[in-house]
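Engineer: 3D, please:
(one chain, ligands or ions: 1)
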Amino acid sequence: MVSVINIQDISMIYKAPVREAGLRAALGSLVHRKYREIQAVRDISFELEAGEVVGFIGPNGAGKTTTMKILSGILHPTGGTVNVLGFTPWHRETSFLKNIAFIRGSQPIGGPNELTVLDSLRFQQLIYEISETAFHKGLALLVEMLKLEPLLKRQIRALSLGERMRCGLALALIYQPRILFLDEPTLGLDVTAVSMIRRFITDYSQQTKATILLTSHYMADVEELCKRVVLIDHGTLRYDGGLEGLSTSFSTSRILTVTIAEKVTPKWNMYGEVIEAEPGKATLCVQREQVATVSARLLSELPVVDLAIGGIPLEQVIDQIYQEGRI
Ligand SMILES: Nc1ncnc2c1ncn2[C@@H]1O[C@H](COP(=O)(O)OP(=O)(O)OP(=O)(O)O)[C@@H](O)[C@H]1O
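Structural biologist: Predicted structure coming up:
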């Protein structure tokens, strides 16, 4: 397989001006400006192969957007090397920019609001030097996949958030970039718009074999779209691997499913937290370090015919990571 994104030990330290309250301090800071350093990313390395769709996840402020900005050439990292399609992103060479797109759910369209969607697409055609034939072919595909027909003659300013996202995707993809950086593409969208965007991403990646790095706070997005996830926290890489491995790596609990030979209900709560129980069967939640002891007790004290040990459902693990910032 060919690696199209190769990141080696990147770091990013922002310098943010420190301003104290009060007029005197504000005037003073004009002369003696003080800065404080914020390390947003520290020594992150990973690679993406051509055609992969990878979820890039982590709690608020973990450094996801910063990393995406570095990969798309918006920011120059303070350390490390990055190779995207053979280019150093922050050199911003035309052949690089023509092959990548960075789309943010919070601001899917950057251009003038007064233009119609079709005019904006034509504008992209000029900037990216797309031939008339390629433009029509690309447009037909995007109009069909994103249901854009009713929006083409509308002004961008008059579009809803979901419509903006669909048009933002079309504007970014009309020049057929090989790599997509999607930062929260379903942010704030309703259920119908979310499912349309998800379907679009799946179909688009299958049809074009584009490589996609995607951040989302909605675990369902990641579960539906990505086989692999890269997890960062406080700017540090914490996990890079299959989706299913996340729950075993990060959850402190395990699920024990026990079936016994008799249709009776023992005192299951003596073994763990009862999630579900019916005569002869129970699902228990047990701390990881107690699994061996509890399993041994179950086997010696009850007529066990089947005992399965599994991880906490992925959705729950990710919710914990995002909401409690606990990794
Ligand atoms: N321009 C900036 N100047 C100073 N600090 C910044 C700047 N941009 C981001 N940061 C800080 O860097 C850290 C990482 O921010 P970043 O936006 O990359 O995180 P994120 O993982 O995308 O977060 P979220 O999920 O909340 O969007 C945060 O502590 C943030 O406050």
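Engineer: secondary structure element for Ile197?
Structural biologist: Assigned by DSSP states H and E, Ile197 belongs to helix 191-208.
Engineer: What residues sit buried inside that helix?
Structural biologist: For helix 191-208, burial by neighbour count (16 or more other CB atoms under 10 Å) applies to 193-194, 196-198, 200-201, 204-205, 208. For glycine as for every other residue, the C-beta is placed from the backbone atoms N, C-alpha and C.
Engineer: His32: which of those residues is nearest?
Structural biologist: Taking CB to CB as the measure, His32 lies nearest Ile197 of those, at 48.2 Å.
Engineer: Compute the distance between the closest one and the ligand, please.
Structural biologist: Distance, Ile197 to the ligand, using CB to the nearest ligand atom, to the nearest Å: 18 Å.
Engineer: how about the residues of this protein near the ligand?
Structural biologist: 14, 16, 38, 40, 58, 60-66 (CB under 6 Å from any ligand atom).
Engineer: can you rerun that using 5 Å?
Structural biologist: Residues of the chain lying near the ligand by CB under 5 Å from any ligand atom: 14, 16, 38, 40, 60-66.
Engineer: what's the farthest-apart pair in those residues?
Structural biologist: Among the residues of the chain next to the ligand, Ala16 and Lys64 lie farthest apart (CB to CB), at 18.5 Å.
Engineer: ok, those two, which is more surrounded?
Structural biologist: Legend: neighbour count by other CB atoms under 10 Å for Ala16 and Lys64, higher for Lys64 (25 against 9).
Engineer: So which residues of the stretch 1-150 of the chain form helices?
Structural biologist: Here the stretch 1-150 of the chain has its helices, by DSSP state H, counting those that start in this stretch, at 23-31, 64-71, 94-97, 117-127, 132-146.
Engineer: Would you mind putting these into JSON lines with distance to Ala282 and mean pLDDT alongside?
Structural biologist: Shown next, in JSON lines, are the helices of the stretch 1-150 of the chain (distance: least, CB to CB, whole Å; pLDDT from 0 to 100):
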{"stretch": "helix 23-31", "distance to Ala282": "63", "mean pLDDT": "75"}
{"stretch": "helix 64-71", "distance to Ala282": "39", "mean pLDDT": "96"}
{"stretch": "helix 94-97", "distance to Ala282": "57", "mean pLDDT": "95"}
{"stretch": "helix 117-127", "distance to Ala282": "56", "mean pLDDT": "95"}
{"stretch": "helix 132-146", "distance to Ala282": "47", "mean pLDDT": "94"}
